[in-house]
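Peer 1: quick one, what's the 3D model for this:
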Amino acid sequence: MRKKLRWLSCAFALMMFAAGAIAQRPTAPPGTPPAQAQAQQPERRGGVPTFERTSQTQHTVRIGGQEVKYTATAATLVMKAEDGSPKATAFYVAYTRDDVTDLAKRPLTFAYNGGPGSASVWVHMGAFGPRKVLLSDDGHALAPPPALVDNEFSILDVTDIVFVDPISTGFSRPAPGENPNQFHGVREDTEWVAEFMRLYITRNNRWGSPKFLAGESYGTTRSASLSGYLQQRFGIYLNGIVLISAVLNFQTLSFAAGNDLPPVMFLPTYTATAWYHKRLPADLQGNLQKALQESRDFAAGEYNQALMKGDKLPEAERARVAQKLARLTGLTPKYIEQTNLRINIGRFTKELLRDQRRTVGRIDSRFTGIDLDAAGERYESDPSQGNYSGAFTQAFNDYIRRELKFEIDLIYETSGPVRPWSYEPWTNSYVNVAETLRSAMTQNQNLRVLVCNGYYDLATPFFGIEYTVDHLGLDPSLRNHIAMAYYEAGHMMYIHKASHAQFKKDIAAFILSTVPAGR
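Peer 2: Next up, the predicted model:
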């Protein structure tokens, strides 16, 4: 079991991803008399400051042909125990539109990535923020140093956005002397991110605003968990949740002996990947949707039934299933037989293009890489993740200091040291927060969910979240409260320009349709 949990921890280390600046000095704690504030020095524990600093700058961006003036706030917020002792410093960047006169009518979206351990840099500088990393139209990084451009597909025109870095990611850190483990776990992460949200809402007078969550990858696990915790602990009822490349039930992902769900869940994404790399037969190669539907039908039907039979599967049926799997994956029947009809993701990424000495990406299977050992079982590194990670890291470090005027010497942890990660209360089972989401949607029957899926995502395959949603047990009156959207891209579908354009349209329409009438 410990080995399985270590595997899960690694498997979800996803990367998964103007002018007029007015910078402020670090502010004194609330309540400090103005005459003393300038002279007061930061409280230090072990040489590390424990109070807050803020930089606000004003900017303009053009989104969909519309000029949007906004304020960017890059800041740290000290999280405290009820006795007032500091527990951690949380870093965030907030974007608020300047022409809003009634905050009760202005939606507010909290956005973050996953990992666990990922900072919010990917959705910040790739998807939602007003500035983004310039990539090629298909998502490849350009020659360094990276360039930043205005994000014409930002959602700032329809919602204010707060990008949150959970503790030990980005510039967020535990307070000196505090045990980091109290922030690192499914339950711990939920509680501290929720506390950050409560503080931000309170300090910025946003209790009356329509509220949304937008998380990617493990950030979708966080969102589902938050949906229940925010309601129960603070009485914060959400209007909507955007799940980007979602995983709510980890059983759909864990290739472990005795768990036959992942081979079924991954098959349609194997088919999409083989289609992209032109490895399917001619009758499937001509139409992606036809290929995907055949793969879904086979996966949920004959393939699933064959795996259920286990060792009792007749040889003739076994051979027939291997032939159909070969048709839908681009692999050979002999190889599939050798995998016992259970194609592990690591093997698929290595095997599909082995004859070309290429591997395919896990985060985005459109990308290919080159390994020293073409005969190996696993790729040396994910070619999709390696493509853009450096560009995002360099661009953010330049942006936060040069454009947002936030000065800090800390390392920005794009993938922070959050291991070991506690999976309590699921230590002896698969993490599954789907029931939390179902319960939250049942109690708050105005809550809507949009699930965004990339066809070429081998980290969180779209058939897995389809299966999870279909097994939520939602009352029939609530089932249309969950909508699905699909893109011909990978885990970070927004790095693909055409997909990003549709992604923006889908999310903007979702937010606007979810805000109460007359607001």
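
Peer 1: only C-alpha atoms from now on, for both contacts and neighbour counts.
Peer 2: OK.

Peer 1: pull out the buried residues from the top helix by length along the chain.
Peer 2: Counting residues, the longest helix in the chain under DSSP state H turns out to be helix 383-402. Neighbour counts using 16 or more other Cα atoms under 10 Å place 383-389, 391-396, 398-400 of helix 383-402 among the buried residues.

Peer 1: partners of the top strand by length along the chain in the sheet?
Peer 2: Longest strand in the chain, counting residues (DSSP state E): strand 66-80. Partners of strand 66-80 in the sheet, by DSSP bridges, are strand 54-63 (antiparallel), strand 86-97 (antiparallel).

Peer 1: among these, which is nearest residue 290?
Peer 2: Closest to residue 290 of the strands paired with strand 66-80, according to Cα to Cα: strand 54-63, at 35.1 Å.

Peer 1: may I have the closest one exported as CSV, CA atoms only?
Peer 2: C-alpha atoms of strand 54-63 as CSV (Å, rounded to 0.1, in the frame of the first residue of the first chain):
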residue,chain,number,x,y,z
THR,A,54,1.6,44.1,-1.1
SER,A,55,2.3,45.6,-4.5
GLN,A,56,-0.6,47.1,-6.6
THR,A,57,-0.2,48.2,-10.2
GLN,A,58,-2.6,49.4,-12.8
HIS,A,59,-2.8,48.0,-16.3
THR,A,60,-5.0,47.8,-19.5
VAL,A,61,-5.6,44.7,-21.6
ARG,A,62,-7.7,44.1,-24.7
ILE,A,63,-9.9,41.0,-24.5
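
Peer 1: what distance separates that strand from the centre of its chain?
Peer 2: From the chain centre to the centre of strand 54-63 is a distance of 24 Å (Cα atoms, centre = their mean, to the nearest Å).

Peer 1: before we move on, what about stretch 404-421?
Peer 2: Counting by Cα atoms, centre = their mean, stretch 404-421 comes out at 17 Å from the chain centroid.

Peer 1: likewise stretch 174-188?
Peer 2: 21 Å.

Peer 1: and if you look at stretch 462-472?
Peer 2: That offset, for stretch 462-472, works out to 17 Å (Cα atoms, centre = their mean).

Peer 1: what mean pLDDT does that stretch get?
Peer 2: On average, the pLDDT along stretch 462-472 is 98.

Peer 1: report the buried residues of stretch 73-81.
Peer 2: Neighbour-count burial for stretch 73-81 [16+ other Cα under 10 Å]: 73-79.

Peer 1: any low-confidence regions in this protein?
Peer 2: For the chain, the stretches flagged by pLDDT under 70 are 1-51, 517-519.

Peer 1: residues in contact with the residue nearest the centre of the chain?
Peer 2: The centre of the chain sits closest to residue 216, judged by Cα atoms, centre = their mean, with a distance of 1.5 Å. Counting by Cα atoms under 8 Å, 6 or more residues apart in numbering, residue 216 touches 16-17, 112-114, 123, 243-246.

Peer 1: just confirm residue 485 is within a strand.
Peer 2: Yes. Counting by DSSP: H, G, I helix; E, B strand; the rest coil, residue 485 is located in a strand.

Peer 1: residues near it, how many?
Peer 2: Counted with other Cα atoms under 10 Å, residues neighbouring residue 485 total 15.

Peer 1: so it sits against residue 462, correct?
Peer 2: No. If you go by Cα atoms under 8 Å, residue 485 and residue 462 don't touch, sitting 10.0 Å apart.

Peer 1: which residues do these two both contact?
Peer 2: Applying Cα under 8 Å, 6+ apart, one finds that residue 485 and residue 462 are jointly contacted by residue 453.

Peer 1: right, and the strands paired with strand 66-80 - which one's nearest residue 501?
Peer 2: Among the strands paired with strand 66-80, if distance is taken as Cα to Cα, the winner is strand 54-63, at 11.2 Å.

Peer 1: okay, the angle between that closest one and helix 383-402?
Peer 2: For strand 54-63 against helix 383-402, the angle by axes from the mean of the first three to the mean of the last three Cα atoms, to 10 degrees is 120 degrees.

Peer 1: quick check, nearest of the contacts of residue 216 to residue 369?
Peer 2: Of these, the one sitting nearest to residue 369 (Cα to Cα) turns out to be residue 16, at 18.0 Å.

Peer 1: could you pull out the strands in the stretch 201-350 of the chain for me?
Peer 2: Using DSSP state E, counting those that start in this stretch, the strands of the stretch 201-350 of the chain run over 211-216, 240-244.

Peer 1: mind putting these into CSV with distance to residue 102?
Peer 2: Below are the strands of the stretch 201-350 of the chain laid out as CSV (distance: least, Cα to Cα, whole Å):
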stretch, distance to residue 102
strand 211-216, 15
strand 240-244, 20
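
Peer 1: quick one, which of those gets closest to residue 290.
Peer 2: Nearest of the strands of the stretch 201-350 of the chain to residue 290, taken as Cα to Cα: strand 240-244 at 24.0 Å.

Peer 1: residue boundaries of the helices in the stretch 101-250 of the chain?
Peer 2: Ranges of helices within the stretch 101-250 of the chain are 121-122, 186-203, 218-229, based on DSSP state H, counting those that start in this stretch.

Peer 1: could those helices go into CSV alongside distance to residue 408?
Peer 2: Output for the helices of the stretch 101-250 of the chain, formatted as CSV (distance: least, Cα to Cα, whole Å):
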stretch, distance to residue 408
helix 121-122, 16
helix 186-203, 21
helix 218-229, 26
